[in-house]
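Peer 1: My questions concern the predicted model and sequence given below.
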Amino acid sequence: MTLQFSLDTAAPETAETPCIVVGVYENGLLTSAAARVDSATGGAIKRQVESGDINGKAASTTVLFAPEGIKAKRVLVVGLGSQKTFDAARFQKVNLEAARALTRLPIGSAMSFLADVDVPGHDAAWRVRTAALAADHAAYRYTATLKPREKSSQPELGSIAFASAENAPMGIDQAAAIAEGVRFARELANLPPNICNPAYIAEQAVTFAEAHDSVSCTVLDHEEMEKLRFGSLLAVGRGSANKPKLIALQYKGGAADEKPYAFVGKGITFDTGGISLKPGPGMEEMKFDMGGAAGVLGAFVAAVKMGLKLNLVCVVPAVENMPDGDAYRPSDVLTSLSGITIEVLNTDAEGRLILCDALTYTAQTFQPKALIDAATLTGACVIALGKHASGLMSKHDDLAEELLSAGENTLDRAWRLPLWDDYQAQLDSGFADVANIGGKHAGAITAGCFLSRFTEGQRWAHLDIAGTAWDEGRKGLATGRPVPLLAQWLIDRSEK
């Protein structure tokens, strides 16, 4: 079920809804909405505070059932933590937990007053958008390959209204578009690899393009890429029965003669490591190795749904990396689309091998204003930054700052790593122009250095999302990152 968002001007005590959501800080400090509910109910919230049942701890939740004096059938009281230290990250967290609590209630709709909570440095549009996206994230359920559930007699959460403010409509519109992009990305990444293979991703892109007049799609198959000399990309796919596809979506939202912005996303639909076979434990998570592709496609969807006044290209090299009698090997030397030769030292460093050809193709074909790639590229980035921040690399300080700012705005954060020429020597090869790995030190950075050799003359940045694209564990789901970051970056460009 897709969660629907709206704005409402009803007061908390008069809102006719199955549940209203209000906040309480630590030390019993009530928000204005909570204070109005408390007054109308004869002190129902303060009594719970005094008894210790409501403590205001950040992201704690308490439900008051059928309180007399207000129209709502329930009140969900959410802890906000300390008012002095309340910030954007806490705001997102409490809205996420509020939505999770709502999904556990037998209700079809609710109205939240949390977007009225003051967040230093952020306006009402930002608060509504952030609250709505947090709610949508919490409400998402993967069902594509699960047995259909028996229809319940109890309602399920399908819509949330947010207390409105003057410029909140822009926030709700952006939230709906970005949420659609995030869901698109999460669904693609969560699908099993026997369904979501290169051909499937291509089909989804074509279907999206056919549904939107401003969008066109071109798909190159392995034979067409062979003629064009995609030597590096095709080598990675040689061991798989699922042949590679190169997908190029174009959105025309700006002037006809205006150069586009361009996204490129790593689309390894399953990564065994190839001949350099990965260990068995955890290999099932390698269906998420197309998280970069899912992310850039989701950001593309969001841009189209927002109707941004710019031109955008989204290129996805979709490949499966499998061991086979025809699979590429360590010590093979590949000739990339750019003409640069590559010595393969490890077939599990395959993402950069498909990206280098896709980056060359994108630069040559579309001459973009800026070129950004997203990839679940290196375990080294996860070791360096963990699961909270994506790694960002660029030789262009202004582009890096734009992306970092977009990440801070959306709380889809990135952290910049150096891309100094000092690291390039680690990629030296005696048998080719460059090796595909640079040794055990600075693995995330040397991967970025490798890609930089194929983006000379381009205003380019690289996002390593290996730590942020999915939650670990057998029940871990794709996160949809970096859709919010990329969508915000595009919003900022469209407003220039």
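Peer 2: Here it is on my side, so go on. Just so it is clear, the structure is predicted and the values come from calculations on it, not from any experiment.

Peer 1: helices or strands next to the longest strand belonging to the chain in the packing?
Peer 2: Longest strand of the chain, by residue count under DSSP state E: strand 311-321. Applying 3 or more CB pairs under 8 Å, 6 or more residues apart in numbering; DSSP states H and E, one finds that strand 311-321 contacts helix 198-210, helix 231-237, strand 245-252, strand 261-265, strand 267-271, helix 291-306, helix 351-366. C-beta here means a position set from N, CA and C on the backbone, and glycine is covered the same way.

Peer 1: Sheet partners, orientation included, of it?
Peer 2: If you go by DSSP bridges, strand 311-321 pairs up with strand 245-252 (antiparallel), strand 261-265 (parallel), strand 267-271 (parallel).

Peer 1: Extract the C-alpha trace of the second one and format it as CSV.
Peer 2: Extracted as CSV, the C-alpha positions of strand 261-265 are listed here (Å, rounded to 0.1, in the frame of the first residue of the first chain):
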residue,chain,number,x,y,z
TYR,A,261,22.8,16.6,-15.7
ALA,A,262,23.8,12.9,-15.7
PHE,A,263,23.6,10.0,-13.2
VAL,A,264,25.3,6.6,-13.6
GLY,A,265,24.4,3.7,-11.3
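
Peer 1: quick one: that strand to helix 351-366, angle?
Peer 2: With axes from the mean of the first three to the mean of the last three CA atoms, to 10 degrees as the criterion, the two stretches strand 261-265 and helix 351-366 enclose an angle of 150 degrees.

Peer 1: Let me see the mean pLDDT of strand 261-265.
Peer 2: Computed over strand 261-265, the mean pLDDT rounds to 99.

Peer 1: Packing partners of the helix ranked longest in the chain?
Peer 2: Of all the segments assigned as helix in the chain under DSSP state H, the longest by residue count is helix 168-190. Using 3+ CB pairs under 8 Å, 6+ apart as the contact test, the elements touching helix 168-190 are strand 4-8, helix 124-139, helix 291-306, helix 483-494.

Peer 1: Need the mean per-residue confidence for the third one.
Peer 2: Mean pLDDT, taken over the full extent of helix 291-306, equals 98.

Peer 1: Repeat that for the shortest one.
Peer 2: Strand 4-8 shows an average pLDDT of 95 in the prediction.

Peer 1: Give me the buried stretch members for that strand, please.
Peer 2: F5, L7 (16 or more other CB atoms under 10 Å).

Peer 1: Following element in sequence after it, please.
Peer 2: Reading on from strand 4-8 to the C-terminus, the next helix or strand found by DSSP states H and E is strand 20-25.

Peer 1: So which other helices or strands are in contact with the helix or strand just after that following strand?
Peer 2: Downstream of strand 20-25, the next assigned helix or strand under DSSP H and E is helix 32-40. The contact analysis (3+ CB pairs under 8 Å, 6+ apart) places helix 32-40 against strand 20-25, helix 44-51.

Peer 1: right, and these - which one's nearest F431?
Peer 2: Between F431 and the helices and strands packed on helix 32-40, the shortest separation by CB to CB is 62.5 Å, and it involves strand 20-25.

Peer 1: And for that closest one, what's in contact with it?
Peer 2: Contacts of strand 20-25 from elsewhere in the structure, counted by CB atoms under 8 Å, 6 or more residues apart in numbering, are 12, 30-31, 33-34, 37, 45, 49, 54, 56, 70, 72, 74-83, 86, 94, 98, 102, 110-114, 117.

Peer 1: Just the buried subset of the residues you listed, please.
Peer 2: 12, 30-31, 33-34, 37, 45, 49, 54, 56, 70, 72, 74-81, 86, 94, 98, 102, 110-114, 117.

Peer 1: Out of those, which sit inside helices?
Peer 2: Checked against DSSP H, the buried ones among the contacts of strand 20-25 include these in helices: A33, A34, V37, I45, V49, V94, A98, L102.

Peer 1: Per the annotation, how does the protein divide into domains?
Peer 2: When the chain is parsed into structural domains using automatic domain parsing, the resulting residue ranges are 4-165, 176-494.

Peer 1: Just name the most buried of those.
Peer 2: Greatest average neighbour count among those goes to domain 176-494 (a mean of 21), per mean count of other CB atoms under 10 Å.

Peer 1: if I look at the residue nearest to T347 when sequence neighbours are not counted, how far off is R329?
Peer 2: In space, T347 comes closest to G274 once its chain neighbours are excluded; the distance is 3.4 Å by CB to CB, 6 or more residues apart in numbering. Between G274 and R329 the computed distance is 8 Å (CB to CB, to the nearest Å).

Peer 1: Between these two, which contacts overlap?
Peer 2: Shared contacts of G274 and R329, defined by CB under 8 Å, 6+ apart, comprise T347.

Peer 1: who's in contact with N242?
Peer 2: For N242, the set of contacting residues under the criterion of CB under 8 Å, 6+ apart consists of N197, P198, A199, T269, E320.

Peer 1: In a markdown table, list those along with distance to I383 and pLDDT.
Peer 2: What follows is the contacts of N242, written out as a markdown table (distance: CB to CB, whole Å; pLDDT from 0 to 100):
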| residue | distance to I383 | pLDDT |
| --- | --- | --- |
| N197 | 30 | 98 |
| P198 | 29 | 98 |
| A199 | 34 | 98 |
| T269 | 25 | 98 |
| E320 | 26 | 98 |
